[in-house]
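> One predicted model, sequence on top.
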Amino acid sequence: MATTLAFDVYGTLINTHGVLSLLENMIGDKAQNFSNTWREKQLEYSFRRGLMQNYVPFSVCTKQALDYACLAHKTPLSDDQKQQLLEQYKILPAFDDVKKGLEQLKAQNYRLFAFSNGAADAVNTLLETAGISNYFEGVVSADDMKTFKPNPGVYSHFLREANSTGANTWLISSNPFDITGAISHGMRGAWIKRSEDSIFDPWEIQPTTTATDLVDLKAKLIS
């Protein structure tokens with residue numbers, strides 16, 4: 001059976017800071033810190049919603065996190081500016097290494113899936129805009145389960161949809177919470193450490209392997 005690779009999307013394939021240029025035009029040198037807060041709150045809101053069993057689509061978490069970032073940085077944006085940012089979020093770019101890395105992995109006969117908290121239509125738009133949709137056998141979304149990673153049910157849902165087993169599946173992600181969630185559910189996990197400053201949670205659960213990007217990943221996977 002061919003090994004299945006489940007690729008996280010936001011932050012792993014797709015650069016969530018791809019809004020920086022637009023943000024810089026709007027708020028100048030506050031842009032990087034603002035973008036960091038936006039992303040951190042987006043994830044926090046998904047975790048909290050999941051724990052509360054009070055589901056809203058990931059796009060709503062994104063919008064509410066944007067509203068929070070405006071308040072936190074005392075940077076009021078108009079409704080039009082917020083809408084521009086949210087529209088940009090739908091067409092974020094892939095990281096520079098992604099296309100080459102996916103091409104190499106596809107050539108090795110791995111089964112490639114995109115696996116995201118985002119709704120399937122939003123993920124498909126991102127992949128198509130980035131020019132990488134053709135590498136994937138399918139898209140599996142946590143939205144189907146009305147909760148978010150790292151809920152164990154989301155990983156079970158992926159394995160069912162991909163017709164794979166935990167032992168035969170790698171979760172590929174730059175997000176430590178996603179790696180620990182997948183490994184806890186019997187999958188293997190490859191952490192994409194995109195920054196030297198990135199820290200993996202000092203838990204008893206550690207990545208099966210670590211790579212700097214998707215090109216580096218090919219050599220790190222254990223078939």
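Sure thing, it's come through.

> same for the helix or strand hosting residue 80, what does it pack against?
Using DSSP states H and E, residue 80 sits in helix 79-89. Counting contacts by 3 or more Cβ pairs under 8 Å, 6 or more residues apart in numbering; DSSP states H and E, helix 79-89 is packed against helix 20-27, helix 58-72. From N, CA and C alone the C-beta is placed, and that goes for glycine too.

> what residues does the last one touch?
Spelled out, that is helix 58-72. Where contact means Cβ atoms under 8 Å, 6 or more residues apart in numbering, the residues beyond helix 58-72 that reach it are 34, 37-42, 44-46, 49, 75-77, 82, 85-86, 89, 116-119, 122, 142-143, 148.

> how far is the lengthiest helix in the chain from where the chain is centred?
Counting by DSSP state H, the longest helix found in the chain is helix 31-52. Centroid separation for helix 31-52 versus its chain: 13 Å, with Cα atoms, centre = their mean, to the nearest Å.

> State the mean pLDDT of it.
Mean per-residue pLDDT for helix 31-52: 97.

> hmm, back to that, among the helices and strands packed on helix 79-89, which is the most enclosed?
helix 58-72 (a mean of 18; mean count of other Cβ atoms under 10 Å).

> Only alpha carbons, please: show it as PDB.
Extracted in PDB, the C-alpha atoms of helix 58-72 (Å, rounded to 0.1, in the frame of the first residue of the first chain):
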ATOM      1  CA  PHE A  58     -12.700  28.600  10.200                       C
ATOM      2  CA  SER A  59     -13.400  31.700   8.100                       C
ATOM      3  CA  VAL A  60     -15.400  33.100  11.000                       C
ATOM      4  CA  CYS A  61     -12.400  32.400  13.400                       C
ATOM      5  CA  THR A  62     -10.300  34.300  10.900                       C
ATOM      6  CA  LYS A  63     -12.600  37.300  10.700                       C
ATOM      7  CA  GLN A  64     -13.000  37.500  14.500                       C
ATOM      8  CA  ALA A  65      -9.200  37.200  15.000                       C
ATOM      9  CA  LEU A  66      -8.800  40.100  12.600                       C
ATOM     10  CA  ASP A  67     -11.200  42.200  14.700                       C
ATOM     11  CA  TYR A  68      -9.200  41.200  17.800                       C
ATOM     12  CA  ALA A  69      -5.900  42.200  16.200                       C
ATOM     13  CA  CYS A  70      -7.300  45.700  15.400                       C
ATOM     14  CA  LEU A  71      -8.300  46.100  19.000                       C
ATOM     15  CA  ALA A  72      -5.000  44.700  20.400                       C
END
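
> That one vs helix 31-52, what angle?
With axes from the mean of the first three to the mean of the last three Cα atoms, to 10 degrees applied, the angle from helix 58-72 to helix 31-52 works out at 130 degrees.

> in the helix holding residue 80, what's buried?
Buried residues in helix 79-89, counted by 16 or more other Cβ atoms under 10 Å: 81, 84-85, 89.

> before we move on, the earlier item: I'd like the helices and strands packed on helix 79-89 as a markdown table, with mean pLDDT and distance to residue 11 appended.
Listed next are the helices and strands packed on helix 79-89 as a markdown table, based on pLDDT from 0 to 100; distance: least, Cβ to Cβ, whole Å:
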| stretch | mean pLDDT | distance to residue 11 |
| --- | --- | --- |
| helix 20-27 | 96 | 14 |
| helix 58-72 | 98 | 13 |
